[in-house]
Each structure stands twice: as structure tokens, then as C-alpha cells.
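Q: coordinates for the following, if possible.
(chains A, B, C, D and E, ligands or ions: 5)
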Amino acid sequence: APSGPTGPVIFAASSLQAPLDELAENWTSLGNREPVLSYASSTALARQIENGSLADLYISADEQWIDYIVTAGKIDPDGIRTLAGNSIVLATSRDGPHAKLYETIPTTAAILEGVTVTSGDPDSVPLGRYAKEILVAEGIWDDIGRRMIRTSSSSAALRLVLLKEADFGVLYASDVERRDDLVSYPAFAKGLHSPIRYKAVLLPSSGHPEAGEFLDYIASDEAAAVFAKYGFTLP
Amino acid sequence: MSFDIAVRKSLGDCSINVAFQSEAPLVAIIGQSGVGKTTLLNCIAGLLKPDTGRIAVEGTTLFDSKQQIDLPPNQRNCGYVFQDSRLFPHKTVKENLLYGMGRSDGSIALSLGNAVSLLDIGSLLERKPGSLSGGETRRVAIGRALLSNPKFLLLDEPLASLDNARADRIIETIERLRDELAIPMLYVSHDTNEVARLTDTVVTLD
Amino acid sequence: MSFDIAVRKSLGDCSINVAFQSEAPLVAIIGQSGVGKTTLLNCIAGLLKPDTGRIAVEGTTLFDSKQQIDLPPNQRNCGYVFQDSRLFPHKTVKENLLYGMGRSDGSIALSLGNAVSLLDIGSLLERKPGSLSGGETRRVAIGRALLSNPKFLLLDEPLASLDNARADRIIETIERLRDELAIPMLYVSHDTNEVARLTDTVVTLD
Amino acid sequence: MIAPLSSAEWEIITLSLKVTSVAVLLALPIAYGLALVLTRSRFPGRFLLDALVHLPLVLPPVVTGYVLLILFGRNGPIGSFLESTFGTSLTFRWTGAALAAAVMALPLMVRAMRLSIEAVDPRLVEAAHTLGASRWRTFATIILPLSLPGILAGAILGFARSIGEFGATITFVSNIPGETRTLPLAIYTSLQVPGTDIAVARLVVLAVIISLAALILSEWLVRRASGGRAHVL
Amino acid sequence: MIAPLSSAEWEIITLSLKVTSVAVLLALPIAYGLALVLTRSRFPGRFLLDALVHLPLVLPPVVTGYVLLILFGRNGPIGSFLESTFGTSLTFRWTGAALAAAVMALPLMVRAMRLSIEAVDPRLVEAAHTLGASRWRTFATIILPLSLPGILAGAILGFARSIGEFGATITFVSNIPGETRTLPLAIYTSLQVPGTDIAVARLVVLAVIISLAALILSEWLVRRASGGRAHVL
Ligand SMILES: Nc1ncnc2c1ncn2[C@@H]1O[C@H](COP(=O)(O)OP(=O)(O)OP(=O)(O)O)[C@@H](O)[C@H]1O
Ligand SMILES: Nc1ncnc2c1ncn2[C@@H]1O[C@H](COP(=O)(O)OP(=O)(O)OP(=O)(O)O)[C@@H](O)[C@H]1O
Ligand code: MOO
Ligand SMILES: [Mg+2]
Ligand SMILES: [Mg+2]
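A: Ligands and ions are numbered 1, 2, ... in the order given. Reported below is the predicted structural model:
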């Protein structure tokens, strides 16, 4: 690993930064060496791994890429661990004009009539793919999909809602959960989108003795509580 | 009074201190190389600011340190043949010649055709200055100054690099301007014959 | 044979066709402005390539279109006083003077001190060329060429912009080089007195 | 790889060219004005202006995009003014992409232009003045044409930077197909999904071809402008 | 906002400055060499080289980073060579971040330098030749010093571009704290987490301060180099 005598090198999706930072701190306070966490998009990290990075652990927000790594690296798929899940909500600013409105209007279609909606880009961002599945299932994709503001990450979509540049965001529950400036509306029935799973895998190149232990730790029940604290669901 | 000039100016190690008044239309300025002749012309053209002094040509005050008059160079109506020619490299010879022609309130009304045949530069009109010979460059520079419709002329060794025949024709023109139009001129030269032919009024710098 | 030269060269509208051989160390080149004097010197210095011809100085062939000889300019060992001086603007006068001194196989062994006092440029040594007067620039250009330890000299109107006293001293030096060292020189000038004083061998271009 | 361009690819290319040309045309006069002002005088605040112009180069593009979003968003000071005055908005529109590209290209263009303006021989400016030319005429007839190489170099740099602009664009105007999904955003989008290597490669090749074409054009322009002048060495 | 710098912030700044200075020092001679070659002659392939130099400007930074990853990765042609020959690797190391920054800065530097090299008066080069100077001496004593303004402008552009480089860096060398997490990557990282506005603002201000300092330094250098020469207008 680049940093030599330190802890294992973890390549992790940016969207997991908040819980993972806390978990790494906890892990270190248990007397372990501090893991080195490199946050970037799941894509960039996967390509780096493919091209011979010395990472010990890969934690992805995008199942496609973990499958890709597992296939390309001939990794035993049994080694994949699911750390957490997530759900999708419709959110708006608490002090915006739409915060009250949608308490009284029942259907998603009615709420989203004529307003600006943002989410991840369905072509490239997992969040967008889930949003598209939901809107298709709701039968309003043809209308919304055309005018949806497609961002390059879940955090960019969140930012647009926070700035009120978009009236509504189709966002991860974990991004909305702990914010008191947003209200989320449980507009979507469960099961409208494929399950959201954050998965981790020990990379075959890993020689770090503590990498496996750290993986066990972040997949533990104790860790699940931390994920839950940040709005993630149990795996 | 053609010229009423008193200039003090320090530039690096050199300092000039000149004062003269003249009724003669053509005043020759002579002096050793490096004595400050070009510096004096630059002051009169408004490109350098004298430390103190007064510059008036034909009764028009161009500069006066006491009265705080300092006309900008583009309002001094002077035709200046620079020692280093300074043709515009991106313009053709013809465009160079025409550059100053717009000026309305000058005294020399020379046509482009006149100037071109006088200076024998007809074949150069469409060329860019970069490919001209030394003497050709000089002739175009003279033409540009003459055509700029000036009220007075500053000529800094105008005939350098010119063959005798051509130099002769240009001197004749200068004599004509001196006599017929009484255009005030300051004429810097090292050639004593040239100077003797043109004027009795000689200012020697030292 | 000091010079054995036969050059044909077309440049735009102008074409030169010169041939001369000379035992005299100093050959004057005269001719109207624009006739091709500078072009000829550039060919001899190696800056322009003649269309056809042969250039030999003191028995050394510098160019021969038949034998396909074409020495690059930096191997021709010539000291060239350019008509437009071409001092290096980013170097001091002293650095300009010393620039060519390294050349080993030349014929003029002049010391920096000699050249400086001869040309009267001692007070300019630390200045940059940008602030020199016309004549000062000229003198430094002459100094740079003389100090470059050349086997022969090309002088393109070396005395332009110089006052008589200084021009005289430089002519004396040129005469000394001509007589004592028999350095071949091509000397371009418009001044017939100058030419008459220096040589009987005159090549007229037309 | 050698299949003809799909209509989606055409759309991306025409959009990119539209955004880039508007960006360069917008930035060119502003950059030249800034270059002039930064070259000519030492007014108070000049230094701040200089720094401000450089900022988009120094800051990560995401930050520049974010700042644009805050300023030009519908709640931002400029954005709300534009909305109320002209009824238009730049956010999430191709015009916003052009603005982002222009802002990112600006510092490069200014630098190149400054270099050329500083190289204009002041003796020629003086000569123009003695010939009666006003400040303005001197500018238009001497300084502007003599600094043409810098303007061209600035335009080339600006074009290249604009056509490659990604971070500020995606942050400011998002990634909307047909509206703001320019070539770089399309490449990025394809890169995010495994198994799209061919689509990515096609788009990259297109970007290379466009930039080659632009280079050829610019070289031709430069040679025309310089009148085929010989080169230095 | 006015709290003193934390040790993490210091680490980020020193890392950024290290990466940037190595990048600029690395790119400077290469850029100048390329500028010379592209200015002086019309060898076959010159055009391709020109286009290649511009590519990092035209392509989205992610693609450039990806190409670097493929070339310099442990399995890549250059990467495996470096590994087997020198036992070192650039991937996921600050040296790789410097390489990415250098590659991204290169086209800007080359353009500025070309502008100045093309402006060198060929008559001075001829004069040097008649004074016996070889090609090499002419280069070192005439062309190089006279193109100094372009070198300085290139260095400024390169420095600014390097210190702001994000996309190619995070793609090529990831985002490893203390090793490759430069200022822009740190800003990005902070932007991902809610409630870190102050941390982001502090980092942005630091970036601004560094670039201001660099500008002041460069202006001072330029003025020294030009000997306080007067300006054009
Ligand atoms: N910027 C400057 N700094 C220092 N000295 C300068 C500057 N400009 C001019 N000088 C000096 O001022 C003196 C006068 O220069 P000027 O050009 O007026 O001379 P001149 O009489 O025209 O000479 P010449 O006949 O050689 O052209 C010269 O010695 C010159 O070196
Ligand atoms: N690149 C070019 N294109 C076209 N014509 C040119 C070019 N270079 C020079 N000439 C022409 O060639 C002729 C000879 O020029 P040259 O400089 O040799 O003249 P010269 O005899 O030295 O004149 P002078 O005494 O005026 O310096 C001139 O008419 C000039 O205009
Ligand atoms: O790191 Mo992600 O896949 O853009 O949330
Ligand atoms: Mg003078
Ligand atoms: Mg000549």
C-alpha cells in the first residue's frame, strides 16, 4: 500500500463517506492502525483497481462495478459483502413553496406537475437509474424524464434542491435523512425500484493482514447501526 | 516666429539644454552623435516631456511647463521623419503613406501621386515594409510624414541611406516646401554640405 | 585574390547579377537605393542563397552552386556591419561587443579596449541598445563586427548617422586594417568622397 | 468503430460546437478588453482584477460551476435579475454551458493576448500618435492588428479549453441530453457504465477529429495572417 | 473561518505545492522543447504532435486521467517498464499527481511559449550566426532569453492549471489522503459530505490565497525580467 506501515487501503464510493469516516475512526480507536480511505466515484475506483491499484478493499455504490471487478479479477463472488442498503425519497426545501403543498396533494404525478425535478443522470448514475425505474413504474417518466435535471452524482442533485434551483429531488434517503432544511415525502411505494445495495469486496492483490478484519468490522451489526444513523437501511 | 524653443531635459547620463528662437522656416540642428538631437525632436513632437521649458511653433504653444500646457502628440500636427523610420510593419507601403492623411488642419497639401513620383516609390506601394531596402524604407518614411498634412516638419537625418540622385530630388522638395509654403522645419543632419544648402540658421548642440 | 564573386539572385521584382574579381583588399559597392547592395552582402554572408554563382574570399570557397558548396553563415568567418545594426536588445553594449569574440580562426585581433576607445563608446558599455542614439547604435554595431575576429568584413553604410569627427576616426581604422592587415572588405556607401578616399576598386550595381 | 455517426452522436457534436463557438465569441472581446486593461496601466484594483481572471484556472472546476450556480441560479443575484428583466435563465440551458465554457477559457485567452499586446513596439504607437491618430485609432489600427497572433492563440486555447470543458459545466447546468450534454459530458456519461468502451472510444475519436480540424483551421488562419512569413530558426 | 490552519490543511497545502512545483518544473522544459519544435519546422508528423499536445485540453480530464492510468498503471506499457526498471510506480503516488498536473498544463504552456518564440526577430538570429554562433549557442543566447516572456507566461498558466487540476488526478491516482489528495480533491471530498460548508470555504480561500501569492511573485519576476520596461499604451 502507498502509505506503508499504516492500515489497509480502502477505495470507497464518495456517497459512503460520512458513515465510513466514522467507522474508520471507531476502528482506529479500537487499537487498529488507521485505514487509508480514498473516496471517488465507484467508476473511477473500479478502473483504478482494474489497472493495478494496490487497494485492499473496494466499497461500491454501484452494483454494476462490483460485478465488473469480480468478473474481471476472477474474484470468488462469495467474498462480496453487502454493507448497507438505501431507499429513494422525494424531497424539497422545508422553507420552500412546495413544502406544504405536497402534504395535501396525494399523487406523485400531481406533485410533480409543472415543477422542476432533479435526480442523478439515469445513463450514468445509480441514483438516476433507480429514479427512472420509479418514475416509469409510476407512469410519469415520459413527462418527467424529458425535463428532469440530470446530475452527475447524488450529491449534486442534493445540492440543487438545497439551493432551490430544483423544486424537488428524487434523492437517496441517506442524503435527506439528517437534514432539517429538507422535507422528504414517502411518495414512492417500496419495490418500485431494484434493491439498492452497497457492497464491499476484498481484492485479491491485498496483502494487508488487517484488510479482512476491517471488512468484517464494517459488515458487522455494530457497523450497521452507524450506517443506519446516516439514513442507510440494513442490508 | 517659426520656432520659439527652450528645453531642458535629462535622460540617463545625457542632459540637453537648448534655447533658440528663429524666424527662418528651416533650422538645422547639428551636433555630435549622442548629443541629444533626437531627444530634442522627441520633446517637440510630444513623445518626451521636457523637465522644464517652452515649445512654440508658429505662435502655437505646444508645451509650456510654467503654464502647464502639454499638448498630446496627436494634436501637435507635426510631420516627423524618425531616425529609425518606424514604418508600420503590418501595413503596405501605400497604407503607411495614407495613414496620416486624414489630418485636416495642416499646411502641406501634397497628393499621394505627387509624393510617390517625387520619392520614386511607385513600384513599392503594395509591398510590406519588411522587405524594403534601407533607402526605400527611408523614402517611404519621408513620404508618410509629408503626406500627414503637418503644420511643421521634424526631419531626423532624412537622407541617410539615400543615393545622391534621389537625395537631390528630396532636397529640392524640401527647398520648395521651405520657400513656397514656408513650412517650419527642424532638420537634423551630419552632412555639412546638405545643411549649408538648406539654411543659414544652424543650432549646434553640445 | 581577395574576392572572386559571381552571384545571380532574384528577390521579388529585383534581381541582381554581379560578377567581379579583385586583388584589392577593399572593394566599394555603390549603386542606387534598392539596386541590391544589401542583397549581395547577405548572399556573401550566407544569409541568402544565390540562385547560382560562386563566392570565394581569399581563396576560400564559401559558396559554389556547381560544386554544391554552401558554408553556413556561422562558418564563413565574416564580420558584418548590418545596415540596420541588429544589436541584441537583451544584452548590454559590452555583451554585444563580446558576442563574436570567441571565434578563433579569424584575422583581426583587436582588443575590447582598443575598439571601445576607437569608437568612443566607453560610457555606453553597461547600457542596453534600446536607449542608444542612432549614431551610438551604429558605432556599437561596427565594434561588434570588428571584435568578432573575422577573416573579412562586410560594411553596409557603416558611417550613416555619424558625425564627421567620429566618421573620420573610423575611416582611419578601416584604412589601417586595409593596409596593415590586408583584411578583405566590401564597403557599401553612398558617399563618393568616402569611397574615393578608401579605394579605387568600385563595383557599381545597376 | 467505423459505423456512421448515430443521430445521438450528431446531436452531441452540433451541441458542443454551438456551445463552444458561442463561448469563444463571447469570451474573445471580453478577454481582449481585460488583456488591454491589465497590460496598460496600474490602476488600483488592477491586481484584484488580475487575480479574479485567473481564479477559474486555479479553483477546481466544480467550485467554479458552483459559484456560477449561486450567481446565475434562479435565486442568485444575477440569475434573478436576468429572469425578471429578460425572462430568460441560463441554468440547465445550453447558454449556461456556453457561459461556463467562456469563464473557464477566459484566463487562458487573456494570458495569450497580454503576451502579444506587451510585444507591440511602443515606437510604432508613438509614430501613430505623431501622425495624428487618436488613442482609439491607434488602438484599432496598430495595437489590435499587431496583437493578432495573441488573439489567434487565445482563440485556439479558448476553443480547445471550451470544447473540453467538463467540471464547471456539469455542476452549473447538469447533464441534460440535447441541451447541456456536450461531448465531454457524453464521454463521461458513457465512462460511468461498464462495457461501453466502444461508445467512449467513438466519442473520444470525434473529439480528437474536431480538435484536429480546429487546429488545421487555426494554422491556416495564422499563416494567412502572417502572410506566410518565414520561421525563426 | 479565521481559525489557524489545522494540520490536515497544512498537509493538503504542502502536498499541493509539492505536486504543483514538480509538475511545473517537469513540464517547463518539455513544453519549451515542444514549442521550439512546433515553431521551427514542418517535419512530417508535426501536425500530429501539435494535435497530441492539445489533446489534454480538448478531452474531458477524466479521459486523460484514464489514459494515464492505462499507460502508467502497473499493467500498462510504461508503468510495467518503470516498475521493472526502476522499481517505482507513479500510480496512487504524489508523483503521479504531478504527472497528471503536468500533462494537463502542457498545452497551455506550449501555446504561450510558441507565441514568444515566433515573436523573436529572425534578423537577430541571423546576426548571431554571422558572429560565428552555432545553432546551439544562438538558441541559448538569443532565442531562449528573448522568449522569456512566453516562458514566464507559460509557467504562470501552468502553475495555475496545475494547482487547480482535479479530474485527471482523481482518475489517475485516486484520492488518497496525504499522498494524492491535493487541494482540489480535498475540496471535492468536503463537498460530498453535508454540513462541511465552512471546511469547503476555508479550502477555497486557501486556493485563492495561494494563487494570489503566485501571481504577485510572477508579476514581480516579469517586471524584473523586463527591467521595468514601460508599457504600451
Ligand atoms: N532611456 C535612456 N536612458 C539613458 N540614456 C539615454 C536614454 N535615451 C537616450 N539616452 C542618451 O541620450 C543621449 C542623446 O540621445 P539622442 O538619441 O538624442 O542623440 P542624437 O543626438 O540623436 O545622436 P545621433 O546623432 O547618434 O542619433 C545619448 O547619449 C543616449 O545614449
Ligand atoms: N523579400 C523581398 N521581396 C521582394 N522584394 C525584395 C525582398 N527583399 C528585398 N527586395 C527588393 O530587392 C531590392 C534590393 O534590396 P537591397 O536591400 O539589396 O537594396 P540596397 O541596394 O541595399 O538598397 P539601399 O541602398 O536602399 O539599402 C529592393 O528593391 C527591395 O525592395
Ligand atoms: O460515488 Mo457515486 O456512485 O456517484 O454515488
Ligand atoms: Mg539621433
Ligand atoms: Mg541596403
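
Q: host element of residue A:170?
A: Using DSSP states H and E, the element containing residue A:170 is strand A:168-172.

Q: and that strand, which strands flank it?
A: Here strand A:168-172 has these sheet partners by DSSP bridges: strand A:88-93 (antiparallel), strand A:117-120 (parallel).

Q: hang on, residue D:138 packs against residue D:126?
A: No - counting by C-beta atoms under 8 Å, residue D:138 does not reach residue D:126; the two are 9.3 Å apart. All C-beta atoms are positioned from the backbone trio N, CA, C, and that covers glycine.

Q: what's the most buried one of the strands paired with strand A:168-172?
A: Of all the strands paired with strand A:168-172, strand A:117-120 carries the top mean neighbour count, a mean of 28, counting by mean count of other C-beta atoms under 10 Å in any protein chain shown.

Q: quick one: stretch D:24-31 to chain centroid distance?
A: Distance of stretch D:24-31 from the chain centroid (C-alpha atoms, centre = their mean, to the nearest Å) equals 7 Å.

Q: also stretch D:58-76?
A: Centroid displacement of stretch D:58-76 relative to its chain, using C-alpha atoms, centre = their mean, is 17 Å.

Q: does ligand 3 have contacts with that stretch?
A: No - judged by C-beta under 6 Å from any ligand atom, stretch D:58-76 makes no contact with ligand 3; its nearest approach is 13.0 Å.

Q: what residues of that stretch count as buried?
A: D:58-70, D:72-74, D:76 (16 or more other C-beta atoms under 10 Å in any protein chain shown).

Q: sort out which of the residues you listed are in helices and list them.
A: D:58, D:61, D:62, D:63, D:64, D:65, D:66, D:67, D:68, D:69, D:70, D:72 (DSSP state H).

Q: ok, residue D:60 touching residue E:187?
A: Yes - counting by C-beta under 8 Å, residue D:60 does reach residue E:187; the two are 5.4 Å apart.

Q: shared neighbours, these two?
A: Common neighbours of residue D:60 and residue E:187 (criterion: C-beta atoms under 8 Å, 6 or more residues apart in numbering or on different chains): residue E:207.

Q: quick one, what contacts residue 91?
A: Just going to use chain A. A:161, A:168, A:169, A:171, A:176, A:182, A:183, A:184, A:185.

Q: was after chain B, sorry
A: So, once contact is read as C-beta under 8 Å, 6+ apart, residue B:91 ends up touching B:99, B:128, B:129, D:141.

Q: among these, who's most crowded?
A: Neighbour tally across these (other C-beta atoms under 10 Å in any protein chain shown): the maximum, 23 neighbours, falls on residue B:99.

Q: quick check: the gap between it and residue E:119.
A: 23 Å (C-beta to C-beta, to the nearest Å).

Q: then residue A:60?
A: Counting by C-beta to C-beta, the gap from residue A:60 to residue E:119 is 53 Å.

Q: the more surrounded of these two?
A: residue A:60 (29 against 18).

Q: can you tell me how far the residue lying closest to residue B:124 once chain neighbours are set aside is from ligand 3?
A: Excluding the flanking residues, the one nearest residue B:124 by C-beta to C-beta, 6 or more residues apart in numbering or on different chains is residue B:93, at 4.7 Å. To ligand 3, residue B:93 is 65 Å away according to C-beta to the nearest ligand atom, to the nearest Å.

Q: in chain D, what residue sits furthest out from the centroid?
A: Ranked by distance from the centre of chain D (C-alpha atoms, centre = their mean), the top residue is residue D:130, with 36.8 Å.

Q: would you confirm that it contacts residue B:73?
A: Yes - using C-beta under 8 Å, residue D:130 makes contact with residue B:73 at a distance of 5.2 Å.

Q: between the two, what contacts are shared?
A: Joint contacts of residue D:130 and residue B:73 (C-beta under 8 Å, 6+ apart) are B:45, B:46, B:47.

Q: out of those, which are inside helices?
A: residue B:45.

Q: just the closest of the shared contacts of residue D:130 and residue B:73 to residue E:90, please.
A: Nearest to residue E:90 among the shared contacts of residue D:130 and residue B:73: residue B:47, at 56.5 Å, using C-beta to C-beta.

Q: do you know how far residue A:215 is from residue C:205?
A: For residue A:215, the distance to residue C:205 equals 91 Å [C-beta to C-beta].

Q: need the contact list for residue D:191.
A: Per C-beta under 8 Å, 6+ apart, neighbours of residue D:191: A:43, A:124, D:200, E:62, E:63, E:66.

Q: can you check residue A:229 too?
A: Counting by C-beta under 8 Å, 6+ apart, residue A:229 touches residue A:19.

Q: over to residue D:92?
A: The contact partners of residue D:92, by C-beta under 8 Å, 6+ apart, come to A:149, A:165, D:173, D:174, D:176, D:179, D:180.

Q: same deal with residue D:98?
A: Neighbouring residues of residue D:98 by C-beta under 8 Å, 6+ apart: D:18, D:19, D:20, D:22, D:23, D:26.

Q: and the gap between the third one and chain C?
A: Which is residue D:20. Using C-beta to the nearest C-beta, to the nearest Å, residue D:20 is found at 39 Å from chain C.

Q: so which helix or strand takes in that residue?
A: Applying DSSP H and E as the criterion places residue D:20 in helix D:7-40.

Q: where do the helices sit along chain A?
A: For chain A, the helices defined by DSSP H occupy A:17-29, A:42-50, A:63-72, A:98-104, A:108-111, A:126-138, A:141-147, A:154-162, A:173-176, A:211-218, A:221-229.

Q: got these as a markdown table, with distance to ligand 2 columns?
A: A markdown table is the format used below for those (distance: least, C-beta to the nearest ligand atom, whole Å):
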| stretch | distance to ligand 2 |
| --- | --- |
| helix A:17-29 | 67 |
| helix A:42-50 | 56 |
| helix A:63-72 | 64 |
| helix A:98-104 | 74 |
| helix A:108-111 | 76 |
| helix A:126-138 | 64 |
| helix A:141-147 | 63 |
| helix A:154-162 | 59 |
| helix A:173-176 | 70 |
| helix A:211-218 | 73 |
| helix A:221-229 | 78 |
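
Q: lowest average pLDDT across the ones you listed?
A: Comparing mean pLDDT across these, the weakest is helix A:98-104, with a mean of 71.

Q: tell me the secondary structure for residue B:200?
A: Secondary structure, DSSP: H, G, I helix; E, B strand; the rest coil: residue B:200 is coil.
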